[in-house]
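J.: quick one, fold the following:
(one chain, ligands or ions: 3)
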Amino acid sequence: MNTYFITGTDTDTGKTVAACAFVQSLVKREKNVAVMKPVASGCYWQNGQLVNEDALNLMQHSNTAFDYDRVNPYTFEAAIAPHIAATDNGVVIEKEKLVTAVEWFHQQPIDCLVIEGAGGWQLPLAPGLRMPEVVKDINARVILVVGLKLGCLNHALLSLQSIRQEGCDVVGWIAVQTGPEPMPRQEENLASLRELLGTKELAYIPYVPTWSGKDLTVYFHK
Ligand SMILES: Nc1ncnc2c1ncn2[C@@H]1O[C@H](COP(=O)(O)OP(=O)(O)OP(=O)(O)O)[C@@H](O)[C@H]1O
Ligand SMILES: C[C@H](N)[C@H](N)CCCCCC(=O)O
Ligand SMILES: [Mg+2]
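T.: Ligands and ions are numbered 1, 2, ... in the order given. Just a heads-up that it's a prediction; the model follows:
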């Protein structure tokens, strides 16, 4: 059973797009793939429950079917930092609950579990708890999504350094063009990322309007 944790250089850097693309690529390799978005802020009400677009997108791309609550145990309506949303709701995000939720999936007949984080790598979850503490406990291997924008070189290097400092394994990185216009000097920035990160480039995902319905596996490198 492989557990992958998808983190990014920041919020809005293409983690969901890259995670769904990665799920597609695993499904194409005939793996049974489950997904999680364990902590989601920016949720809305649907049929009496709070749901999150990232979680729904991930579920739509996976080839297994699990209850929404299993995929997304912590839901917050406000699109703000999750630990602040939690405090507003009188909730404390607990490592135990998150680890138990992941371990439940480890008992299921699946080959891979793809987990999307929230925000960037060092996301605070509660007083004294940050997301890397959870990632370490579930033995997930990490994929870093780099949203191509000015500043991404520094953010990518800091993220990679911190992932390694936490003792986590890095599978590689995925570059994502998140807007219709490429960033200034995008090709040179990509070349710099390749040189500076020195870890496997798994994919380069260009801007793909209405990406959710499309085959994104073509953007993965062999
Ligand atoms: N390659 C792309 N093609 C088209 N749209 C994209 C692409 N990458 C990102 N987007 C759009 O940019 C926005 C941010 O991307 P995304 O939701 O994947 O970021 P994220 O890192 O998952 O953010 P969050 O921290 O909220 O989970 C979304 O509206 C998404 O649809
Ligand atoms: C609401 C947003 N789209 C994300 N889900 C949450 C981003 C939290 C970022 C926290 C931070 O590092 O400042
Ligand atoms: Mg997302």
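J.: so for Ala156, what's the pLDDT?
T.: Predicted confidence (pLDDT) at Ala156: the value is 98.
J.: and whichever residue of the chain sits closest to ligand 3, what does it touch?
T.: When you check the chain against ligand 3 by Cβ to the ion, the closest residue turns out to be Thr16, at 3.4 Å. The way it works is simple: take the backbone N, C-alpha and C, and place the C-beta from them, glycine included. Under the criterion of Cβ atoms under 8 Å, 6 or more residues apart in numbering, the contact partners of Thr16 comprise Glu53, Asp54, Asn57, Leu58, Glu116.
J.: which SSE is immediately downstream of the helix or strand where it lies?
T.: Secondary-structure assignment from DSSP states H and E places Thr16 in helix 15-28. On the C-terminal side of helix 15-28, the nearest following helix or strand under DSSP H and E is strand 33-36.
J.: stretch 189-203: end-to-end distance?
T.: Between the opening and closing residues of stretch 189-203 there is a gap of 15 Å (Cα to Cα, to the nearest Å).
J.: my guess is Ala140 contacts Gly167. True?
T.: No: Ala140 lies out of contact with Gly167 (Cβ atoms under 8 Å); the separation is 11.9 Å.
J.: kindly report the residues of this protein close to ligand 2.
T.: Within reach of ligand 2 by Cβ under 6 Å from any ligand atom, the chain has these residues: Thr11, Ser41, Gly42, Ala79, Ala81, Ala118, Gly119, Gly120, Leu123.
J.: next step: the contacts of Thr16 restricted to helices.
T.: Secondary structure assignment (DSSP state H) places Glu53, Asp54, Asn57, Leu58 from the contacts of Thr16 within helices.
J.: could those residues go into TSV alongside neighbour count?
T.: What follows is those, written out as TSV (neighbours: other Cβ atoms under 10 Å):
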residue	neighbour count
Glu53	14
Asp54	22
Asn57	20
Leu58	26
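J.: near ligand 3, which of those residues show up?
T.: Taking Cβ under 5 Å from the ion as the test, ligand 3 is in contact with Asp54 out of those.
J.: now the ones in helices among the contacts of Thr16 as JSON lines including distance to Val135 and pLDDT?
T.: Listed next are those as JSON lines, based on distance: Cβ to Cβ, whole Å; pLDDT from 0 to 100:
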{"residue": "Glu53", "distance to Val135": "22", "pLDDT": "98"}
{"residue": "Asp54", "distance to Val135": "17", "pLDDT": "98"}
{"residue": "Asn57", "distance to Val135": "21", "pLDDT": "98"}
{"residue": "Leu58", "distance to Val135": "17", "pLDDT": "98"}
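J.: list the contacts for the residue nearest to the spatial centre of the chain?
T.: Averaging the C-alpha coordinates of the chain gives a centre point, and the residue nearest to it by Cα atoms, centre = their mean is Glu116 (2.7 Å). For Glu116, the contacting residues are Ile6, Lys15, Thr16, Ala19, Val35, Met36, Lys37, Asp54, Leu58, by Cβ under 8 Å, 6+ apart.
J.: what does Gly117 give?
T.: By Cβ under 8 Å, 6+ apart, the neighbours of Gly117 are Phe5, Ile6, Thr7, Gly8, Lys15, Val39, Leu123, Met131, Val135.
J.: and it, its phi and psi?
T.: The phi and psi torsions at Gly117 (degrees, to the nearest 10) take the values phi -70, psi -160.
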